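Engineer: A predicted structure for the sequence below; I have some questions about it.
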Amino acid sequence: MALHHHHVGNRVLIVDDESSLRTVLSALLRKEGFDITAVGSAQEALDVLQNSQNSAQAEPFDVLIADLRMPEMDGMQLLQKTAQQYPDLPVIILTAHGTVDTAVQALKEGAFDFLTKPYEREEIALVLRKAIAQRSKSLGKTSSSHTSQQQLLIGSSSQMQAVQDMIKRAANTLATVLIMGEPGTGKELVAQALHKGSSRCDKPFICMNCAAIPAQLLEYELFGYPAGVPAAASAGKPGRFELAQGGTLLLDEVGHLPVNVQAKLLRVLQDSQFESTNNMQPAPIDVRLIASTNQNLQHAIMQKKFREDFYYRLNVVPIQLPPLRDRPQDIPELVQHFTKKYSARFGKQIDSFTPQAMHLLQAHDWPGNVREVENVIERTLLFADTNCIAVDDLPPEIVAQIQLDNPAETAEAKSGAFIPMKSIVRKKTAQIERVLIETALQETGGNVTHAAQKLKISRKGLQLKMKELGLRDSTSRNSFSI
């Protein structure tokens, strides 16, 4: 089963009502190696996106390029719809000369970038590659629909309650927050929740992924592009600080900022003003800064890759997001949430998981954290044809997860020693059999005869299996325990 919806490649959807411009732009980008689909209206674009979402064969799109001025539904309305339905799809807006104000509004609405016509081939290819790099980190964009995304901070475990409590206490302050956690734990969602819970909630929430922007352009992206900078989408393009005025700026993957940019940012934060690269006049800053990282910044400080004074300026309120393997009790809640979401999206009526399937989901160690749970549920529901998900419906990596119970073998595996395939299959089979038998016994109150009937094997066969797996043979209703 392919990792269908998390493929990241070079599929670009172009929307422009002028067929000549569509043709020219398509030809230009195909020469640059992009896979292009071009349509003439915003509604057609929504239909194409919906089809690629629902088809098991079609790959999803990586970037959407939309003309701002189109009849019926314009680029801005299309942007608002895609921001809600496809929050991880970067949108690049094409504007005519002299509509920079509208383009800036598009950035505030969640567009990844804008390009002013006429545009250079190198310029548009660079912006596209930046957008694809951002999507490859599954960043998601600035979105005005914070509420639905905020709900993804799901979990009633004590660890997540502590995170929620910290968000409540820190939200309506100006204190800089440093959010730390592995990829996929929901760092951007915490930042959005902080913004949503502040008095700035109706002002812009601007996100900059420091890892997705070439190092030489980071300073311009923060403080604005001066005239004459090669590859700027337009001279005088505002930086993220200007866009975020009055609101919140998230520096995602802050560990990727070059040391010289860290130094300039530190001065800006200390002086509460900055010199915009556009007009060179010192401008006061009214921006709440949040940073996030999946790196160990203290380790980076020791390696001289991160400034210690900048670290302490950011780390006023630290929020550490726990990995999912440390809070397995939250997995059923997450599974339920994403099942509801994708069941509705795919037009299916899937509402439950068998106990065996849920057991396997809870046993998985989820290296990709919440993002991986969403991906697995999305793929599972895409291919499912019943309303209850069973073990056979789960992706192979969930079913084939090996749990080495024998300490000697675990040590052997960790040391990189080869584990024979037969041994792996035997262990996995035993693990699945154990789950099936335990569930059947639990459902029949420990009655071996009824459990055997449920499992469609003989009573004798079940007793042999139980002996082999070290499960107690008892027909007493109360003596069997999981």
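Structural biologist: Now that the structure is in, tell me what you want to look at.
Engineer: helix, strand or coil for the spatially closest residue to residue 444 that is not a sequence neighbour?
Structural biologist: Leaving aside its sequence neighbours, residue 444 sits nearest to residue 450 (C-beta to C-beta, 6 or more residues apart in numbering; 3.9 Å). Every residue, glycine included, has its C-beta placed from N, CA and C. Assigned by DSSP: H, G, I helix; E, B strand; the rest coil, the conformation of residue 450 is helix.
Engineer: Can you tell me how far residue 450 is from residue 441?
Structural biologist: Residue 450 sits 9 Å away from residue 441, going by C-beta to C-beta, to the nearest Å.
Engineer: Those two - which one has more neighbours?
Structural biologist: Just comparing residue 450 and residue 441: by other C-beta atoms under 10 Å the higher neighbour count belongs to residue 441, 25 against 16.
Engineer: quick one: low-confidence ranges for the stretch 101-250 of the chain?
Structural biologist: For the stretch 101-250 of the chain, applying pLDDT under 70 flags the ranges 101, 136-152, 227-236.
Engineer: ranges for the helices of it?
Structural biologist: For the stretch 101-250 of the chain, helices defined by DSSP state H, counting those that start in this stretch occupy the ranges 121-136, 146-150, 158-171, 187-196, 218-223, 240-243.
Engineer: so of these, which one's packed in deepest?
Structural biologist: helix 187-196 (a mean of 24; mean count of other C-beta atoms under 10 Å).
Engineer: so residue 134 touches residue 209, yeah?
Structural biologist: Yes. Using C-beta atoms under 8 Å, residue 134 is in contact with residue 209, at 5.1 Å.
Engineer: Which residue ranges of the protein form strands?
Structural biologist: Applying DSSP state E to the chain gives strands spanning 11-15, 35-39, 63-67, 91-95, 113-116, 177-180, 205-209, 248-252, 273-275, 282-284, 288-293, 317-320, 352-353, 388-389.
Engineer: wait, which of these is closest to residue 468?
Structural biologist: strand 352-353 (27.0 Å; C-beta to C-beta).
Engineer: In the sheet, which strands lie alongside that closest one, parallel or antiparallel?
Structural biologist: According to DSSP bridges, strand 352-353 forms sheet pairs with strand 388-389 (parallel).
Engineer: quick one: the partner strand to chain centroid distance?
Structural biologist: On the basis of C-alpha atoms, centre = their mean, to the nearest Å, strand 388-389 sits 25 Å off its chain's mean C-alpha point.
Engineer: what's it in contact with?
Structural biologist: Contacts to strand 388-389, defined as C-beta atoms under 8 Å, 6 or more residues apart in numbering, come from residues 339, 350, 351, 352, 353, 354, 357, 380, 381.
Engineer: List only those of those residues flagged as buried.
Structural biologist: 339, 350, 353, 354, 357, 380, 381 (16 or more other C-beta atoms under 10 Å).
Engineer: What degree of burial does the closest residue to residue 125 other than its chain neighbours show, as a neighbour count?
Structural biologist: Closest residue in space to residue 125, ignoring its immediate chain neighbours: residue 32 at 4.6 Å, by C-beta to C-beta, 6+ apart. When neighbours are counted by other C-beta under 10 Å, residue 32 registers 16.
Engineer: which residues touch residue 32?
Structural biologist: Residue 32 touches 121, 125, 128, counting by C-beta under 8 Å, 6+ apart.
Engineer: ditto for residue 359
Structural biologist: Neighbour list for residue 359: 435, 439 [criterion: C-beta under 8 Å, 6+ apart].
Engineer: What's the separation between it and residue 71?
Structural biologist: In this structure, residue 359 and residue 71 are 54 Å apart, going by C-beta to C-beta.
Engineer: just residue 467 next, same as before
Structural biologist: 74 Å.
Engineer: Compare these two (neighbour count), which wins?
Structural biologist: Set residue 467 next to residue 71 and count neighbours by other C-beta under 10 Å: residue 467 wins out with 11 against 8.
Engineer: Which one of the helices of the stretch 101-250 of the chain lies nearest to residue 320?
Structural biologist: Residue 320 lies closest, by C-beta to C-beta, to one member of these: helix 158-171, at 8.1 Å.
Engineer: Run through the neighbouring helices and strands of the closest one.
Structural biologist: helix 187-196, strand 317-320 (3 or more C-beta pairs under 8 Å, 6 or more residues apart in numbering; DSSP states H and E).
Engineer: quick one: the longest one to strand 288-293, angle?
Structural biologist: Our comparison of helix 187-196 with strand 288-293, counting by axes from the mean of the first three to the mean of the last three C-alpha atoms, to 10 degrees, yields an angle of 170 degrees.
Engineer: got the angle between helix 187-196 and helix 158-171?
Structural biologist: Computed with the same axes, to 10 degrees, the direction of helix 187-196 lies at 40 degrees from that of helix 158-171.
Engineer: ok now helix 187-196, how far from the chain's centre?
Structural biologist: Offset of helix 187-196 from its chain centre (C-alpha atoms, centre = their mean): 13 Å.
Engineer: Near residue 111, how many other residues are there?
Structural biologist: 25.
Engineer: Wait, it touches residue 91, no?
Structural biologist: Yes. The pair residue 111 / residue 91 is scored as a contact, 5.0 Å apart, by C-beta under 8 Å.
Engineer: Can I get stretch 293-308 as PDB, trimmed to CA atoms?
Structural biologist: Below are the C-alpha coordinates for stretch 293-308, written out as PDB (Å, rounded to 0.1, in the frame of the first residue of the first chain):
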ATOM      1  CA  THR A 293      12.200  23.200  17.200                       C
ATOM      2  CA  ASN A 294      12.700  19.400  17.000                       C
ATOM      3  CA  GLN A 295      16.400  19.900  17.600                       C
ATOM      4  CA  ASN A 296      18.300  19.900  20.900                       C
ATOM      5  CA  LEU A 297      19.200  23.600  20.900                       C
ATOM      6  CA  GLN A 298      21.500  23.200  23.900                       C
ATOM      7  CA  HIS A 299      23.500  20.700  21.900                       C
ATOM      8  CA  ALA A 300      23.500  23.200  19.000                       C
ATOM      9  CA  ILE A 301      24.900  25.800  21.400                       C
ATOM     10  CA  MET A 302      27.800  23.600  22.400                       C
ATOM     11  CA  GLN A 303      28.500  23.100  18.700                       C
ATOM     12  CA  LYS A 304      28.400  26.900  18.200                       C
ATOM     13  CA  LYS A 305      25.500  26.600  15.800                       C
ATOM     14  CA  PHE A 306      23.100  28.400  18.000                       C
ATOM     15  CA  ARG A 307      23.700  31.600  20.100                       C
ATOM     16  CA  GLU A 308      23.200  31.000  23.800                       C
END
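Engineer: Name the residues that touch it?
Structural biologist: With C-beta under 8 Å, 6+ apart as the contact definition, stretch 293-308 has outside contacts at 178-183, 187, 253-255, 259, 262-263, 266, 311, 315.
Engineer: chain center to that stretch, what's the gap?
Structural biologist: With C-alpha atoms, centre = their mean, you get 24 Å for stretch 293-308.
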